[in-house]
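Novice: Starting from these lines, generate the structure:
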Amino acid sequence: EKSVTMAMDFRLFTHNEEVFMNIRQSFNRALLGAVCGALLLVSPASAAEKKIVMRYSHSSSAMVKEPHHAAALDFKNYVEKATNGKVDVQIYPGSQLGGEERSFQDIQQGVIQIASLAVNNVTVFSPSMGVFDLPYMFTNYEDCYKLIDQNWDEINKRMIAESGNMAVGWLVQGFRVLSNSKRPINTIEDLKGLKIRVPNNPIMIATFRAWGGEPAPMAWDETFNALQQKVVDGQENPYPVFASNKFEEVQKYITEPHYKLWTGPVVVNVDWLRSLPADVQQAIIEAGHETTVEMRALLDKQESASREFLKEKGMVFCGVPTDEDEWMKRAVSIWPQFYPQIKNLEIVEAFMKTLGRQLPR
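Specialist: I've put the predicted structure just below:
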């Protein structure tokens, strides 16, 4: 534009049309040469086959045996192979891109494309997922697998309507064991007076209060330091998570109430997914399902290996509480107060029907 203006000024000064035309033609030839030169810098292959980048966030360590990271690696390998390299899955472990609630929001906003996270951190944005947080919803793995498999589409229908995100996979890491640094917990009375770190989830907080404990809601990335500094006495998480985060350095006793099975979706944004080529969409969905199956197969090995590791480190195992019936009775009694939060009881009723149980009233 500056060159054209200079040429026009020159024409006005000389009143010589021929001079102006020569200058304009020279300018156009130079511009065409510059554009052609720039295009030559971009190969036809790179212009036509720009990679689709998927930023994959999770909160656990970058250990191959750690469930979150193992799942991420499986997903990456499957998608990249199935798409012949059209998709580049970039894994960011250890909350490098922010905590789990933040990752769910970032997927909604298109900042990242995929994350695996505990379902209790999804309920903030998709209240229906609170059904997974209800204590003693599952008492064994088979019920959980059956429920997810038979209700997968309905679960996604709810999550999409409430948040715009959907699950392409579901991870199960085991029942959340209860640890502390002060004393063995064998009965519900032993829990009194102990401050236990829990996620900032109303149902989990209410569960510990129903047991007479002192729940301390806290972000995951603050938990180890809080245990180390005795700000809290204990925490609850599955064995693989416990072992991979070195909690044996700051905890002594482990008790095994089967009140909550750690479940977590592998989440993408539905609009983003639908914007992709059909073959890429299919690869992502298939990868999520394959990862789900692989993680289930690995769970027993991961739990056994974690227990053995923790025993070697001197952890004291208290087993299942001798009065777990009382733990269950008190925990299930809080269900009705959270029905309004879940909002639509149809999904709770669907879960109960799948499990062959009655809805607590």
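Novice: Just the buried positions in the helix of greatest length in the chain, please.
Specialist: Using DSSP state H to define each element, the chain has its longest helix at helix 278-312. Buried residues in helix 278-312, counting neighbours by 16 or more other CB atoms under 10 Å, are found at 280, 283-284, 287-292, 294-296, 298-299, 302-303, 306-307, 309-310. C-beta here means a position set from N, CA and C on the backbone, and glycine is covered the same way.
Novice: same check, this time on stretch 237-250
Specialist: Buried residues in stretch 237-250 (16+ other CB under 10 Å): 237-245, 247-248, 250.
Novice: what's around the residue lying closest to Tyr92 once chain neighbours are set aside, how many residues?
Specialist: Spatial nearest neighbour of Tyr92, excluding adjacent residues (CB to CB, 6 or more residues apart in numbering): Ser57 at 5.0 Å. By other CB atoms under 10 Å, the residues close to Ser57 number 30.
Novice: Repeat that for Gln358.
Specialist: Gln358 has 9 neighbours, counted by other CB under 10 Å.
Novice: Can you give me the distance of it to Tyr56?
Specialist: Per CB to CB, to the nearest Å, Gln358 is found 40 Å from Tyr56.
Novice: hey, where'd the strands end up in the stretch 1-150 of the chain?
Specialist: Assigned by DSSP state E, counting those that start in this stretch, the stretch 1-150 of the chain shows strands spanning 52-57, 87-92, 114-116.
Novice: let me redo that: the stretch 151-300 of the chain
Specialist: Using DSSP E, counting those that start in this stretch, the strands found in the stretch 151-300 of the chain span residues 165-175, 177-180, 195-198, 214-217, 234-237, 253-255, 261-269.
Novice: shaky segments in the stretch 51-200 of the chain?
Specialist: Filtered on pLDDT under 70, the stretch 51-200 of the chain yields the residue ranges 64.
Novice: again, 90 this time
Specialist: Within the stretch 51-200 of the chain, the stretches with pLDDT under 90 are 59-68, 94, 99, 139, 200.
Novice: With distance to Pro67 as new columns, can the strands of the stretch 151-300 of the chain be given to me in TSV?
Specialist: Below are those laid out as TSV (distance: least, CB to CB, whole Å):
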stretch	distance to Pro67
strand 165-175	5
strand 177-180	15
strand 195-198	20
strand 214-217	23
strand 234-237	11
strand 253-255	18
strand 261-269	9
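Novice: Looking at the ones you listed, spot the one closest to Gln150.
Specialist: Nearest to Gln150 among the strands of the stretch 151-300 of the chain is strand 165-175; the distance by CB to CB comes to 12.3 Å.
Novice: buried set for the helix or strand in which Lys353 is found?
Specialist: Assigned by DSSP states H and E, Lys353 falls within helix 345-355. Residues of helix 345-355 classed as buried: 347-348, 350-352 (neighbour count, 16+ other CB under 10 Å).
Novice: which two in those are spaced the farthest apart?
Specialist: The widest separation within the buried residues of helix 345-355 (CB to CB) is 9.9 Å, between Ile347 and Met352.
Novice: sorry, back to before: skip ahead from the longest helix of the chain and say which helix or strand is next.
Specialist: Next along from helix 278-312, by DSSP H and E: strand 316-319.
Novice: can you pull the buried residues of that following strand?
Specialist: Cys318.
Novice: Quick one: closest of the strands of the stretch 151-300 of the chain to Ile205.
Specialist: Closest to Ile205 of these, according to CB to CB: strand 214-217, at 4.7 Å.
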